[in-house]
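K.L.:
I'd like to go over a predicted model; first the sequence, then the structure.
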2 protein chains.
Amino acid sequence: MPINLDKALGAELAEIPFEYDKQKMILYALGVGAASNPVDPEELKFVYENPPGLLVLPTFGVIPPFGALIGMFAAPGLELNPVMIVHGEQYLEIRKHPVPPEGKLLTRPRVANIYDKGKHALVEIEAETFDEAGDVVYFSTFGILARGEGGFGGEKGPAVGNEPPNRAPDKSVEMKTLPQQALIYRLSGDINPLHADPNFAAMAGYERPILHGLCTFGFAGRAILRECCGNDPERFKSVRVRFSRHVFPGETLVTEMWDEGEGKIIFQVKVLERGEIAISNAVAQVST
Amino acid sequence: MPINLDKALGAELAEIPFEYDKQKMILYALGVGAASNPVDPEELKFVYENPPGLLVLPTFGVIPPFGALIGMFAAPGLELNPVMIVHGEQYLEIRKHPVPPEGKLLTRPRVANIYDKGKHALVEIEAETFDEAGDVVYFSTFGILARGEGGFGGEKGPAVGNEPPNRAPDKSVEMKTLPQQALIYRLSGDINPLHADPNFAAMAGYERPILHGLCTFGFAGRAILRECCGNDPERFKSVRVRFSRHVFPGETLVTEMWDEGEGKIIFQVKVLERGEIAISNAVAQVST
């Protein structure tokens, strides 16, 4: 079905209530590989509730609004085919620090942009996630590639940018994912069978289930948090990524970082075993 | 405080309601290492809810009655000191097959036996776990060693038995635990800081947090289920173990099994890296 720009653009999607507790928070942190390295006691504070107290990984911010990717299918004028959908890009901004390790949030998502990429369309869902005081805690943009839906005569949208500079990375962190990483991560809410079911993955053209893009995103977030924020979540302001290739659970992620000054960190994530770039055109803003 | 046998023996502990869903079930299975081996697709059915449907690992049966170890401290005539308590032995019998992957259960625990082991006392908490139809699904015995509480003039209790026969094991399975294994396992309910907090572990005399005995128990259960039951939970009838030594997360567990005929499997669990025996005097009954 062709996209109806007039109807779809600006459409508000169903509100998403989200309640979380420390157990949920810890489960998320384990899902993105926290505390896999026993020589890094710094990460205990993301997976253990007792003193000095549980802290929230910045990338957790994509979990409360995640339901927008379901609500999107009910948007007027879009009529997207779930099989043709790819999570292409992600932006996340943490607007209110510190994020408490338990609470109630409400997300209000809307169709903010629809770009015509020629063959494909890029649908941007913007979401504001509010706490009970009515403040915006997270602002996020889910960039959804609707394959085959381009050519409707819309704007092309901004260039992606954030290419790594032409020098060796300033910092590089290697993190091995677990064979069961996607099985742990999916307990945080994204139960798409593509990440668990070998038959489903085969139908989608993969030799086995693939890792969630947002799981890889979480690993990269941990790498940046450690290398550029001294593991202090309050220094982590925002992050933008493009999902360029899949990752298989069990593979090793190498997050390469370039410090561009004033807290701007260009980065990318490579799959060590295959030399593929899984996350590209990525940038984080941290406070220095 | 000395144990008051007359008051304590037979005392009923608080009932334990327990509600579980597929997510909880999967979290337990991941906690005891299920699906860590991507070449063993047989285990997918314990960690994934879609066809052919989620099956319940037999050793999950210790989770619903686990609260008895808390309730125990309120038992009349026991007055146990939490710091002096060690989970020494465990028995579990699955009485109603198949166990559904979600439901509501109720456990009724009582102080069944108190043995005088000389220096220490062994308190046996028996628990029946009922489903909503009123049938007993699990029967379990938690053997709690109360250090320093022996010498009250009670019975010595039966010998432990179940020594491995004098031959090489008939089967042996190696399973590596994760550095973060205890952090995953504790989300199933046993949040004792001994398994997560380096400072607490140091006070207890360990160089770092140790794995839950019942987590090691779950790994051994998976080994027996695979080698002796063709991964069919309905063939797993009961299991009895003694916790003889601690395990550190990240270590490799070797479950050695001796087939004694008629479904009787004597087994033990060794820590590969240190040559210690973590679970001894153990036996499982399976249907042949």
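P.N.:
Yes, it's here. Note that the coordinates shown come from a computational prediction; the quantities given were computed from them, not determined experimentally.

K.L.:
how does chain A divide into domains?
P.N.:
Domains of chain A are assigned by automatic domain parsing as A:5-146, A:171-286.

K.L.:
looking at those, which is nearest to B:A121?
P.N.:
Counting by Cβ to Cβ, B:A121 lies closest to domain A:5-146 out of these; the figure is 29.6 Å. Placement of C-beta: from N, CA and C, glycine included.

K.L.:
between the two ends of that closest one, how far is it?
P.N.:
14 Å (Cα to Cα, to the nearest Å).

K.L.:
centroid residue for chain A?
P.N.:
In chain A, the residue lying closest to the centroid (Cα atoms, centre = their mean) is A:L214, at 3.8 Å.

K.L.:
and the stretch 51-200 of chain A, which residues reach chain B?
P.N.:
Neighbours of chain B within the stretch 51-200 of chain A, by Cβ under 8 Å from any Cβ of the partner chain: A:178-180, A:183-184, A:187, A:191, A:193, A:196-198.

K.L.:
so which of those residues wins on neighbours?
P.N.:
A:I184 (26 neighbours; other Cβ atoms under 10 Å in any protein chain shown).

K.L.:
in a strand, that's where that residue is, yeah?
P.N.:
No - read with DSSP: H, G, I helix; E, B strand; the rest coil, A:I184 is helix and lies in no strand.

K.L.:
doesn't A:L178 make contact with it?
P.N.:
Yes - using Cβ atoms under 8 Å, A:I184 is in contact with A:L178, at 7.2 Å.

K.L.:
all the helices of the stretch 1-150 of chain A, in order from the start?
P.N.:
Secondary structure of the stretch 1-150 of chain A (DSSP state H, counting those that start in this stretch): helices at A:5-8, A:22-31, A:68-71.

K.L.:
just want the angle from the longest helix along chain A to helix A:22-31.
P.N.:
Determined from DSSP state H, the single longest helix within chain A is helix A:213-229. In this structure, helix A:213-229 runs at an angle of 90 degrees to helix A:22-31, with axes from the mean of the first three to the mean of the last three Cα atoms, to 10 degrees as the basis.

K.L.:
name the helices or strands packed onto helix A:213-229?
P.N.:
Counting contacts by 3 or more Cβ pairs under 8 Å, 6 or more residues apart in numbering or on different chains; DSSP states H and E, helix A:213-229 is packed against helix A:22-31, strand A:85-94, strand A:171-176, helix A:181-185, strand A:236-243, strand A:252-259, strand A:264-271, strand A:277-286.

K.L.:
just name the most buried of the ones you listed.
P.N.:
Each of the helices and strands packed on helix A:213-229 was scored by mean neighbour count; the highest is helix A:181-185, a mean of 26, by mean count of other Cβ atoms under 10 Å in any protein chain shown.

K.L.:
how far is the helix or strand following that one from where the chain is centred?
P.N.:
Stepping forward along the backbone from helix A:181-185, the first helix or strand reached (DSSP states H and E) is helix A:198-203. With Cα atoms, centre = their mean, to the nearest Å as the basis, helix A:198-203 stands 23 Å off its chain's centre.

K.L.:
re earlier: now the helices and strands packed on helix A:213-229 in CSV, with distance to A:E149?
P.N.:
Output for the helices and strands packed on helix A:213-229, formatted as CSV (distance: least, Cβ to Cβ, whole Å):
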stretch, distance to A:E149
helix A:22-31, 31
strand A:85-94, 10
strand A:171-176, 35
helix A:181-185, 27
strand A:236-243, 18
strand A:252-259, 31
strand A:264-271, 27
strand A:277-286, 22
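
K.L.:
these into JSON lines, with extra columns for mean pLDDT?
P.N.:
Formatted as JSON lines, the helices and strands packed on helix A:213-229 follow (pLDDT from 0 to 100):
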{"stretch": "helix A:22-31", "mean pLDDT": "97"}
{"stretch": "strand A:85-94", "mean pLDDT": "95"}
{"stretch": "strand A:171-176", "mean pLDDT": "96"}
{"stretch": "helix A:181-185", "mean pLDDT": "97"}
{"stretch": "strand A:236-243", "mean pLDDT": "98"}
{"stretch": "strand A:252-259", "mean pLDDT": "98"}
{"stretch": "strand A:264-271", "mean pLDDT": "98"}
{"stretch": "strand A:277-286", "mean pLDDT": "98"}
